[in-house]
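Participant: What shape does this take:
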Amino acid sequence: MNTATIIISAMAISQFVFLAVHFLIHYRQSMGKLVAAFSVCTIAYLLNESMGLEDGSLTDIVLDVMATLAPFLLWLIASKLFIDEREKQTLAWLAIALCYTLDIVSAAGFVGNAMNGSNTTVSFTVYFVPQLILLGFPLHAIYMAIRGYDSDLLEERRTFRLAFITGLGVVVIFIVTCDILNDVLQDGLAGGGAPYVILASLCLFLVALIFNLGLVQSSSGALNRVLAYETTELAAEPGNHTTDTLDVNLVQAIERAMQDEHLYREAGLTIADLAKHVGVLEYKARQLINKSMRYKNFNQFLNNYRIKEACQLIHSTRFPVSRIAMDVGYSSLSAFNRAFKERTGRTPSEYRRQQGS
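Facilitator: This is a model prediction of the structure:
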């Protein structure tokens with residue numbers, strides 16, 4: 001362990017300490033706790049990599065267990081920030097449990113026995129599957145940030161998605177990838193460890209520093225508005241909450257396009273299409289639907305109209321569910337079923353049985 005490694009790691013740790021304390025003080029809901037936990041686990045990673053601890057020592061095991069959680073916590077943060085329709089997280093919890101299970105198997109020495117028997121499949125599974133799973137968490141987190149970008153109606157969150165993609169997510173992918181290379185090459189990259197640890201610590205320091213500077217300078221409360229959406233509930237029906245006459249007219253034009261002209265029935269309808277239809281710029285349509293009609297994203301806005309008509313059709317006709325899904329604008333039955341259950345708490349078939357139609 002050289003002086004440069006200690007200095008740069010200490011610089012990175014100081015930034016994550018600030019990040020954890022800031023979120024615990026200013027954001028006391030679950031998001032603040034998640035970010036603080038992620039910061040602590042990242043600090044554990046930095047300590048474990050920079051201290052040159054003996055493999056298998058108690059301190060090494062504790063720090064390794066905490067560091068393993070960092071990509072998973074990053075995924076949870078992304079899920080809360082970018083997914084408005086809450087989805088089951090069972091698979092993610094099973095994946096992180098599998099990581100720890102395989103780590104225990106490795107620590108118990110079963111891998112050595114397997115390798116003595118030339119069982120390369122077992123050795124590969126125990127050594128590399130956990131790293132691949134941990135790499136999958138930030139990759140999927142970035143996918144979530146990208147997937148909802150076009151339909152997001154909150155401009156601050158759209159900007160934050162880009163920062164997230166190019167910041168923490170990329171850094172965690174870099175770290176996990178280097179860990180995999182360390183295992184593949186064994187002493188190749190990890191020999192001495194200094195170049196890899198210095199580079200990883202420097203990347204983490206720069207990203208955390210930029211983010212913390214943004215926190216300090218964000219007097220406009222943009223981050224507050226992004227995080228507020230963690231607990232904001234979708235309005236049951238669109239409602240007009242603006243006093244500007246022009247905005248009132250534009251909201252009414254949007255409502256006419258949806259309610260009277262049934263524009264939502266067009267499969268693949270985008271907010272750009274809607275904006276063009278009512279004659280406004282796309283950013284203005286986003287602003288109206290978000291601030292005046294109280295929707296978080298464009299998909300929720302569409303689903304409100306689509307599922308309402310779907311319920312009427314299920315109740316009043318004997319059309320197959322697949323036909324109803326296509327008639328109200330969905331391009332796939334699975335997307336319709338997911339949106340219907342999110343909105344009503346039941347599948348279309350269950351809803352039909354309960355309605356007795």
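Participant: Please count neighbours and contacts with C-alpha atoms only from this point.
Facilitator: Fine.
Participant: Buried ones in the helix or strand residue 126 falls within, by neighbour count?
Facilitator: Applying DSSP states H and E as the criterion places residue 126 in helix 120-147. Across helix 120-147, burial judged by 16 or more other C-alpha atoms under 10 Å covers 123, 126-131, 133-139, 141-142, 144-146.
Participant: which residues sit in contact with the spatially most central residue of the chain?
Facilitator: In the chain, the centroid-proximal residue (C-alpha atoms, centre = their mean) is residue 78; its distance is 2.4 Å. Residue 78 makes contacts with 141, 142, 144, 145, as judged by C-alpha atoms under 8 Å, 6 or more residues apart in numbering.
Participant: The helix or strand it falls within: what's the following helix or strand?
Facilitator: Per DSSP H and E, residue 78 falls inside helix 58-82. Later in the chain than helix 58-82, the nearest helix or strand by DSSP H and E is helix 90-107.
Participant: Identify the residues contacting that next one?
Facilitator: Contact with helix 90-107 is made by 56, 65, 69, 72, 111, 126, 127, 129, 130, 131, 133, 134, as judged by C-alpha under 8 Å, 6+ apart.
Participant: Which residue comes closest to the third one once chain neighbours are left out?
Facilitator: Sequence neighbours aside, residue 41 is the residue nearest to residue 69 in space, at 6.5 Å (criterion: C-alpha to C-alpha, 6 or more residues apart in numbering).
Participant: Tell me who's in contact with the one you found.
Facilitator: Shown in contact with residue 41 (C-alpha under 8 Å, 6+ apart): 63, 66, 67, 68, 69, 70.
Participant: Most widely separated two among the residues you listed?
Facilitator: Farthest pair in those (C-alpha to C-alpha) is 63 and 70. Separation: 11.2 Å.
Participant: okay, these two: which has more neighbours?
Facilitator: A side-by-side neighbour count of residue 63 and residue 70, using other C-alpha atoms under 10 Å, places residue 70 first with 25 against 19.
Participant: sorry, back to before: now do the helix holding residue 126, average pLDDT.
Facilitator: If you average the pLDDT over helix 120-147, you get 84.
Participant: what helices or strands is that helix leaning on?
Facilitator: On a contact count with 3 or more C-alpha pairs under 8 Å, 6 or more residues apart in numbering; DSSP states H and E, helix 120-147 meets helix 58-82, helix 90-107, helix 110-116, helix 155-166, helix 168-185.
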